[in-house]
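J.: I'll drop the sequence and a predicted model, then ask my questions.
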Amino acid sequence: MPANIGEALVVLILTGMVVLIIRALWRGHKAGSCCTGDCSSCRGCHGGRGPAKGKTPPHG
């Protein structure tokens, strides 16, 4: 039984962290932030002036 309590506590903490991250992204989106949370298609902020640092432009 104590092992289940520990696992439940870890799950609750991780769930809370995910909820806070999604909430911050949503509030930023509503406030006009450029981050959508999709890092794979991120071209940087302020109008997409080229790929973000460390990213290569898409081919084709």
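T.: That came in fine, so what should we check first? From a predicted model like this one, the values you see are computed outputs, not experimental measurements.
J.: Going by C-alpha atoms from here, please, whenever you check contacts or count neighbours.
T.: Will do.
J.: Quick check: pLDDT value at Gly6.
T.: Looking at Gly6, its pLDDT is 89.
J.: can you check Arg43 too?
T.: Listed pLDDT for Arg43 reads 61.
J.: burial of Pro2, as a residue count?
T.: Neighbours of Pro2 under the rule other C-alpha atoms under 10 Å: 7.
J.: buried stuff in the helix or strand hosting Val10?
T.: Taking DSSP states H and E as the definition, one finds Val10 inside helix 2-30. For helix 2-30, the neighbour count (16 or more other C-alpha atoms under 10 Å) marks 25-26 as buried.
J.: what separates Leu20 from Asp38, distance-wise?
T.: Using C-alpha to C-alpha, to the nearest Å, Leu20 is found at 17 Å from Asp38.
J.: what's the spacing between Pro2 and Ala8?
T.: 10 Å.
J.: Return the distance of Ala8 relative to Leu14.
T.: Ala8 sits 10 Å away from Leu14, taking C-alpha to C-alpha as the criterion.
J.: cool, Glu7 as well?
T.: Distance, Glu7 to Leu14, using C-alpha to C-alpha: 11 Å.
J.: so what pLDDT did Ser40 get?
T.: In this model, Ser40 is scored at 73, pLDDT.
J.: I meant Ser33, not that one.
T.: So Ser33 comes in at 63 (pLDDT).
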